[in-house]
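Got a sequence here, can you build the structure:
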Amino acid sequence: MLDDMIDRLAGVRERKVWQPMPEAARAVFQAPMPSRGLGAEAAYAAFTADILPYELGNTNPRFMGWVHGGGNGPGMLAELLAGALSNNLGGRDHAAVEVERQVIRWSAAMLGLPAAAGGGLVTGTSIANLIAVLTARTHRLGPEVRRQGICGARLTAYTSIAAHSCVPRAFDMAGFGWDNVRRLPVDASHRMDLAALREAIIADRAAGKTPFMVVGTAGAVDTGAIDTLPDLADLCMAENLWFHVDAAFGAMLALSPTRAGLIAGIERADSVAFDFHKWAQVPYDAGCILVRDQARLIEAFAQNAAYLRREARGLAGGAPWLCDLGPDLSRGFRALKVWMTLMSHGADALGAVVDHGCAVAAHLAALVVAQPRLELLAPVTLNIVCFRYVPRKPLPPAALDRLNAAIVADVQEAGLAAPSTTMIDGKLAIRAALFNHRTRAADADILIEAVIDAGTARETVAHHEAR
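You can find the predicted model right below:
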């Protein structure tokens, strides 16, 4: 297994990015649980035959869809080490807990948060955002909210229409409902409109509601846009609002020697959510929640149970336990793959990955601008390029969207590259996100050539269907 996986990483550039899974292969997974084990060798043979050929493909340098990191070798091997230990990091006094605490201290220092900050590693930014919402709720309504519930409290929160969908979903899961999340317009650079934010706060207070939280975005998933964090911090301080930043991938800008200033103001946040499995290249999954004052997390999540009694000494020592800082009691050793990645490669190398991704994106954007059959649809703030194919003969808007969606599927199914799609100002865009540390300028060249070829091949059909 080890030899095969190490060889696979070494030869990742030589394979197709992705290939569709035929129905015959999919049918294998309808089989019932075996009553008698097949043995490790047979199980691994099934993996190599039925799973490996149809993987997602995000380790490949031409995987440019959504927001996926490419993983790394030491992080992969850390999964083996963590599995061998099989430690539960929910609590108790052992070295694995100290590893996670160290990762949290490193993360807080990276973003300029104070020494009193605390947090933990979770599955991803979606859960990290939920933890931030629950922490802000308890801070605003007091610890009794954990016993009594929100009891009709008319709390409202604010974010932009460019925020990730997991933000309103966090308020849904926390019991506030989507209707109490104000999704505000953005400016020409896709940043939250501050005037609209101020007006919404005033209107809600006039209606008898209680504004309590603003969620800024550091790296919008569609375009990479970054809200004006210093202005949001000023407003939240003046209005006594919890300031949270969803920095799912943008947090890693802090390690860039040239772009760290783009997230200035994040150090003033009450909480920050981000992922190590994106730009930091840690294998999935590895999200992080940081809260400016760890006491706020303890207030929101700590519980007392006799069977989880903390002691001053022995294995039950080490309070506060990590389960006091979030909802999970059973917590795997995901901190090890983060720690191993950072220890192996160092902050400077990860900062260089950030700058490299932005440089490849600038190269890709230049290719788009220079090609008459392509149109750039959004400013390239960081490492995300949104564009579309434009045929020689104009198409109606809906037909043009269908053409570009078909181009993306064609390129994916050919295994040449894997961009994704999104909507920019009502137009379907081909979206290339350059997060993989293996991606080079030549891979951007291959993507553009593949898009042009697919678009050219489909133009006639698109015009026929549009009649």
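
As a check, name the ranges of all helices in the stretch 351-467 of the chain.
397-413, 441-466 (DSSP state H, counting those that start in this stretch).

Could you dump these into a markdown table and include distance to A238?
(C-beta placed from N, C-alpha, C; glycine too.) Shown next, in a markdown table, are the helices of the stretch 351-467 of the chain (distance: least, Cβ to Cβ, whole Å):
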| stretch | distance to A238 |
| --- | --- |
| helix 397-413 | 42 |
| helix 441-466 | 44 |
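
Make a markdown table out of these and add mean pLDDT.
Listed next are the helices of the stretch 351-467 of the chain as a markdown table, based on pLDDT from 0 to 100:
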| stretch | mean pLDDT |
| --- | --- |
| helix 397-413 | 97 |
| helix 441-466 | 91 |
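
Tell me, please, where in this structure the pLDDT is lower than the cut-off.
Within the chain, the set of residues satisfying pLDDT under 70 comprises 467.

Now do the domain split for it, please.
Split into domains by automatic domain parsing, the chain comes to 2-61, 88-332, 348-466.

As TSV, the ones you listed with distance to A82 would be great.
Converted to TSV, the domains of the chain look like this (distance: least, Cβ to Cβ, whole Å):
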stretch	distance to A82
domain 2-61	15
domain 88-332	7
domain 348-466	20
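
which stretch among those domains comes nearest T341?
Closest of the domains of the chain to T341 is domain 88-332, at 5.0 Å (criterion: Cβ to Cβ).

Show me where the protein has its strands.
118-122, 155-160, 181-184, 210-217, 242-246, 271-275, 287-291, 374-376, 384-389, 420-424, 427-433 (DSSP state E).

Next, format the helices of the stretch 351-467 of the chain as a markdown table and append distance to Q19 and mean neighbour count.
Formatted as a markdown table, those follow (distance: least, Cβ to Cβ, whole Å; neighbours: other Cβ atoms under 10 Å):
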| stretch | distance to Q19 | mean neighbour count |
| --- | --- | --- |
| helix 397-413 | 8 | 18 |
| helix 441-466 | 15 | 17 |
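
ok so, going back, so which of the strands of the chain is the most surrounded?
Stretch with highest mean neighbour count among the strands of the chain: strand 271-275 (a mean of 30; mean count of other Cβ atoms under 10 Å).

counting contacts, what elements does that strand pack onto?
In this structure, strand 271-275 packs against helix 125-141, strand 242-246, strand 287-291, with contacts taken as 3 or more Cβ pairs under 8 Å, 6 or more residues apart in numbering; DSSP states H and E.

and R26, which of those is closest to it?
helix 125-141 (26.8 Å).

Which strands or helices does that closest one pack on?
Judged by 3+ Cβ pairs under 8 Å, 6+ apart, helix 125-141 is in contact with helix 145-148, strand 155-160, helix 166-173, strand 210-217, strand 242-246, strand 271-275, strand 287-291, helix 294-301.

Remind me what the fourth one packs against, helices and strands.
Based on contacts counted as 3+ Cβ pairs under 8 Å, 6+ apart, the elements that strand 210-217 packs against are helix 125-141, strand 155-160, helix 194-206, helix 229-239, strand 242-246.

nearest to I51, of these?
For the helices and strands packed on strand 210-217, the distance to I51 is smallest for helix 125-141, at 24.8 Å, taking Cβ to Cβ.

how about F276, what does it touch?
By Cβ atoms under 8 Å, 6 or more residues apart in numbering, the contact set of F276 is L121, V282, A286, G287, C288, V338, T341.

likewise R392?
R392 sits next to R373, E459 when contact means Cβ under 8 Å, 6+ apart.

Next, it: phi, psi?
In terms of degrees, to the nearest 10, the main-chain angles of R392 are phi -60, psi -40.

gap between it and H463?
To H463, R392 is 10 Å away according to Cβ to Cβ, to the nearest Å.

again, but for A31
46 Å.

Surely Q281 is in contact with G357?
No - using Cβ atoms under 8 Å as the test, Q281 is too far from G357 to be in contact (10.5 Å).

joint contacts of these two?
With Cβ under 8 Å, 6+ apart as the test, Q281 and G357 both reach N436, H437.

Next, format the contacts of F276 as a markdown table and append distance to Y54.
As requested, the contacts of F276 are exported to a markdown table (distance: Cβ to Cβ, whole Å):
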| residue | distance to Y54 |
| --- | --- |
| L121 | 29 |
| V282 | 23 |
| A286 | 24 |
| G287 | 26 |
| C288 | 30 |
| V338 | 28 |
| T341 | 27 |
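
Identify the farthest-apart pair in the residues you listed.
Spatially, the most separated pair among the contacts of F276 is G287 and T341, at 14.3 Å (Cβ to Cβ).

Show the end-to-end separation of stretch 306-315, please.
15 Å (Cα to Cα, to the nearest Å).

Before I go, just wanted to say thanks for your time.
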